[in-house]
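>>> Got a predicted model here, sequence first, then my questions.
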Amino acid sequence: MNVIETSGLGKRYGSTWALRECTLAVPAGHVAALVGPNGAGKTTLLKLVVGLSEPAAGAVTVLGGLAAGSLAALDGIAFVAQDTPLYKNLSAADMLHLTRNLNRRFDQHYAQARLAELGIPLHRRSGKLSGGQQAQLALTLALARRPQLLVLDEPVAMLDPVARHDFMAVVLTAAADDGVSVVLSSHVLAELERVADYLILLSQGRVQVAGEVDSLLASHRMLTGPTSEAESYSDQPVVHVRRGTAQAHLLVRATAGDPVPPSWEAHPVGLEELTLAYLRTPGAAALPGPARGRHAQPSEVTR
Amino acid sequence: MTALTMPARPKPDTRLRPVPWRRMAWVTWRQHRAALAGLAVFLGALAVYLWLSGLQMHHYYATACHPASSLNCAINFTGRYGITAVIVSIILQAVPALIGAFVGAPVLARELETGTFRFAWTQGIGRLRWAIGKLVLLAVAVTAAATAFGVLFSWYNQPFAAAGYALPLSARVFDLGEVAFAAWTLAAFAIGALAGMLIRRVVPAIAATLAAYAGLALATALYLREHYMTPLLTSKLNLPDSAWIVSQWYTKGGKFAFPARGSQIVGALQHFCPMSNLSPMQCLSQHGYTWWASYHPGSRFWPFQWIEGGWLLALSVLLIAATVWLVRRRAA
């Protein structure tokens, strides 16, 4: 089952396309990271997925073919929006009660136990909680709905490192123990390596990279060799070139078995490295499927 | 840190039963109880005042006003309480507007302004039920409160109506009748809700609600209300006290001559009877002019209440439906 499926999805604000020709299939059972620079269309895509906005073009379905925003889809998806909006004048206990009343399922026991464990006082107004506690409260409300898909928009952007770590630990527990599929957008690349096993990279309103992290890493290598030879390198699709005075680093699409030219060394890449390389090369694409193996001219960064 | 595991998730139901409507009652109450409590305190204080001063007035009316047309009544009752009653009724005119502005306008504007709509509209109940539940419950609550208040005001105003001091169809009193007051409150709430949805910010929505309400109320009182029914015509001077005179004019030989306005009458008198001691009426009738008036008798109070209540109810339903439609289709 695909928790998110889009085809030719587009969204326009005024005359600007925030998202265009987005075709994507995120299979269930992953923690998928949605990455991209500011204005790449991450929030736009997530809003379309949770039914907060309507597409201007194309279609989006969730949870194996349900229309986004339909009652059945809302029932199975929990969304924590950017800045974790809560009713600031309601207490944590009231927020639980409110959420229970707004949903068919709500695991009150789980929610209360988690808040107790986190040391969040039930009777304090949610506006008076710390940023980390507000985020945890919003996450608890979302998970207590026992969703099939948890959608998080920049969940940790405002949190300090400890709160960030605690927050992601809860998300990962839900994913690992309860099989909740997770889609989260984030700026924090260092976090992704530990968390995500599926990567979606958006750039300028288009999908640039999408796929399982393992297979993405397996199909990319970092080649290091003399800068003088970097220019002539053309055997393998080059995503990104980083040029030093003596040595150049090339991120190429290649597998471990592919031949390495003499005087060059091949290294496996990390997720952060890979993501950065693609973010710096908005034209390059690595999409699943035979028709989308094309790549654009590599960008160059001279050091 | 460890986290509890959740119990096994049930299989998604094939036929999804929606979240029941009644759940919105708690949600609405919990989220708006501050506004509703504020409204209750405000209306409660006004009600206590009306009740206490009303008791006193009823007492004075009973002692001073038999018959109601007596000089004693004019001095000891209307003379003593008339100004207060006028001020009270003017203040009460603002109550529906305040309810619309402070209960109606924030309902959606606050959600949109603070971003909590992203929470509310992604819950399992769906935003359609959420919006309908909230708006209908609040509309019913404010309308019920206003109805009770209208009944109290009618009781308060009874002695003045009996003394002929407050014409039932006058703009000052008519709006505060049981049906009209409730309907105006409902309309103000609906205007506020729609303004909040359109403007999406609380303070501008409140200002827009007050302006729209004032415009509608003024236009109704000045231009619309007199057309609810065809006015009666008379040329006899013994109009009942309770009648609401819409217009007056003079005819000569069966043809319209001039409207019965001060300047026109003075001009005619100077022309026809410059030096006589005749009353204007006698002078003009000697010269063949007949006075005419179109009016609504006081007995039309209830038909007018229902007509005004009816179209305001229809307008309110329309505005709330438009608001719900906007919530449903708004691309956030």
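Received it, and whenever you're ready, just let me know what you need. Numbering: from 1, shown residues only, chains lettered A, B, ... in the order given.
>>> List the contacts of residue 168.
Since you didn't name a chain, this refers to chain A. By C-beta atoms under 8 Å, 6 or more residues apart in numbering or on different chains, A:Met168 lies in contact with A:Val156, A:Glu191, A:Arg194, A:Val195. No exception for glycine: its C-beta is placed from N, CA and C like everyone else's.
>>> wait, I meant chain B there
B:Ala161, B:Phe174, B:Gly177, B:Ser242, B:Gly298, B:Phe301.
>>> change it to 10 Å
B:154, B:157, B:161, B:174, B:177, B:242-244, B:296-302, B:304-305 (C-beta atoms under 10 Å, 6 or more residues apart in numbering or on different chains).
>>> Just give the closest residue to it, not the sequence neighbours.
In space, and not counting its chain neighbours, B:Pro168 is closest to B:Phe301: 4.1 Å by C-beta to C-beta, 6 or more residues apart in numbering or on different chains.
>>> Domain map for chain B?
B:23-226+B:299-329, B:244-296 (automatic domain parsing).
>>> and these, which one's lowest on average pLDDT?
Least confident of these, judged by mean pLDDT, is domain B:244-296 with a mean of 85.
>>> Any part of the helix or strand hosting B:Asn157 near chain A?
Using DSSP states H and E, B:Asn157 maps to helix B:127-162. Yes. Part of helix B:127-162 sits near chain A under the criterion C-beta under 10 Å from any C-beta of the partner chain, namely B:Arg127, B:Leu128, B:Arg129, B:Trp130, B:Gly133.
>>> hmm, back to that, any idea how far the residue nearest to B:Pro168 lies from B:Leu167?
Applying C-beta to C-beta, to the nearest Å, the value for B:Phe301 to B:Leu167 is 9 Å.
>>> Name the residues contacting each of the two.
B:Ala161, B:Val173, B:Phe174, B:Ser242, B:Trp244.
>>> Produce a ChimeraX select command limited to the buried residues of the contacts of B:Pro168.
The buried residues among those can be selected in ChimeraX (16 or more other C-beta atoms under 10 Å in any protein chain shown) with this line:
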select /B:154,157,161,174,177,242,243,244,296,297,298,300,301,304,305
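>>> what helix or strand does B:Val86 sit in?
helix B:79-93.
>>> The chain: helices as residue ranges?
No chain in the question, so chain A it is. Using DSSP state H, the helices of chain A run over A:42-49, A:71-76, A:92-101, A:108-118, A:131-144, A:161-178, A:189-195, A:213-218, A:227-230, A:271-279.
>>> Sorry, I should have been clearer: chain B.
With DSSP H, the ranges of helices along chain B come out as B:23-64, B:71-73, B:79-93, B:95-99, B:105-114, B:117-120, B:127-162, B:171-174, B:178-199, B:202-219, B:262-272, B:280-286, B:301-329.
>>> And the first one, what does it pack against?
Judged by 3 or more C-beta pairs under 10 Å, 6 or more residues apart in numbering or on different chains; DSSP states H and E, the packing partners of helix B:23-64 are helix A:92-101, helix B:71-73, helix B:79-93, helix B:95-99, helix B:105-114, helix B:127-162.
>>> Ok, which of these comes nearest A:Ala210?
helix B:127-162 (29.7 Å; C-beta to C-beta).
>>> circling back to that earlier point, what angle do the helix holding B:Val86 and helix B:23-64 make?
Put simply, helix B:79-93 runs at 170 degrees to helix B:23-64, going by axes from the mean of the first three to the mean of the last three C-alpha atoms, to 10 degrees.
>>> so what's the spatially most central residue of chain B up against?
Chain B has B:Trp184 as the residue nearest its centroid, 3.4 Å off, counting by C-alpha atoms, centre = their mean. Shown in contact with B:Trp184 (C-beta under 10 Å, 6+ apart): B:93, B:95-97, B:99-100, B:143, B:146, B:150, B:175-177, B:213, B:216-217, B:220, B:308-309, B:312, B:316.
>>> again, only using 7 Å
The contact partners of B:Trp184, by C-beta atoms under 7 Å, 6 or more residues apart in numbering or on different chains, come to B:Pro96, B:Asp175, B:Ala217, B:Leu312.
>>> between those residues, which is closest to A:Ser126?
Taking those together and measuring to A:Ser126 by C-beta to C-beta, the closest member is B:Pro96, at 33.3 Å.
>>> hang on, isn't the closest one packed against B:Thr185?
Yes. Counting by C-beta atoms under 7 Å, B:Thr185 is a contact partner of B:Pro96 at 4.2 Å.
>>> joint contacts of these two?
In contact with both B:Pro96 and B:Thr185: B:Ala146, using C-beta under 7 Å, 6+ apart.
>>> If you drop the residues flanking it in sequence, what lies closest to A:Gln134?
Nearest one to A:Gln134, counting by C-beta to C-beta, 6+ apart, is A:Thr84 at 5.4 Å.
>>> If you could redo that for B:Leu169, that was the one I meant.
Per C-beta to C-beta, 6+ apart, closest to B:Leu169 is B:Trp244, 3.7 Å.
>>> thinking again about what came up before, quick one: distance of the helix holding B:Val86 to the chain centre.
Remark: helix B:79-93 is offset 17 Å from the chain centroid, using C-alpha atoms, centre = their mean, to the nearest Å.
>>> what angle separates it from helix B:127-162?
170 degrees.
>>> and the gap between B:Gly126 and A:Asn103?
For B:Gly126, the distance to A:Asn103 - C-beta to C-beta - is 10 Å.
>>> A:Leu251 is in contact with A:Ala277, correct?
Yes. Counting by C-beta under 7 Å, A:Leu251 is a contact partner of A:Ala277 at 4.3 Å.
>>> where do the contact lists of those two overlap?
With C-beta under 7 Å, 6+ apart as the test, A:Ala277 and A:Leu251 both reach A:Val239, A:His240.
>>> Identify, out of the helices of chain B, the most deeply packed stretch.
Most buried of these, by mean neighbour count (mean count of other C-beta atoms under 10 Å in any protein chain shown): helix B:178-199, with a mean of 27.
>>> Now do the contacts for B:Thr315.
I think there's a mix-up here, since residue B:315 is Leu and not Thr. B:Ala187.
>>> State the number of residues packed around the closest residue to chain B within the stretch 201-303 of chain A.
Closest residue of the stretch 201-303 of chain A to chain B, C-beta to the nearest C-beta: A:Gly205 (16.1 Å). Counted with other C-beta atoms under 10 Å in any protein chain shown, the neighbours of A:Gly205 add up to 21.
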